[in-house]
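# Kindly generate the corresponding structure for this input.
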Amino acid sequence: MAGGLVVRNMTSTGRSGCGARGASGDTITCRPRAEDEGRYWYFTSWRQPIAECERITDALVFIKGYLGAPG
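Just a heads-up that it's a prediction; the model follows:
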């Protein structure tokens with residue numbers, strides 16, 4: 001899977017790993033989701049669905065929580 005948007009938690013204080021899952025950054029992609037009749041969704045690099053592409057605010061909230069960024 002080529003492309004995607006690299007997002008990083010730039011508020012890290014130098015700790016090893018940050019965020020609830022130890023992720024300080026990830027590549028977010030947008031592609032059809034077969035389980036949702038081929039509608040486009042955002043996904044983590046681990047292929048975890050984030051939110052439908054039209055739900056940008058939901059995607060942002062998920063990604064910030066996933067990377068451990070402050071509210």
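# Helices of this protein, start to end?
Using DSSP state H, the helices of the chain run over 56-67.
# Output the below-cut-off pLDDT ranges for it.
1-2, 12-23, 71 (pLDDT under 70).
# longest strand anywhere in it?
As assigned by DSSP state E, the longest strand anywhere in the chain is strand 25-33.
# Can you give the contact residues for that strand?
Residues outside strand 25-33 that contact it (C-beta atoms under 8 Å, 6 or more residues apart in numbering): 1, 3-9, 38-45, 49-50, 52-53, 59, 63, 66-67. The C-beta positions use only the backbone N, C-alpha and C, and glycine is treated the same way.
# what about 7 Å?
If you take C-beta atoms under 7 Å, 6 or more residues apart in numbering as the criterion, strand 25-33 is touched by 1, 3-9, 38-45, 49, 53, 63, 67.
# which neighbours does it have in its sheet, and in what orientation?
Applying DSSP bridges, strand 25-33 is found paired with strand 5-8 (antiparallel), strand 39-43 (antiparallel).
# buried residues in that strand?
Burial within strand 25-33, assessed by neighbour count using 16 or more other C-beta atoms under 10 Å, is assigned to Asp26, Ile28, Thr29, Cys30, Arg33.
# beta partners for the third one?
Looking back up the chat, that one is Thr29. Thr29 has these beta-bridge partners by DSSP bridges: Phe43.
# now do the one 10 residues further on
Listed by DSSP bridges, the beta-bridge partners for Arg39 are Arg33.
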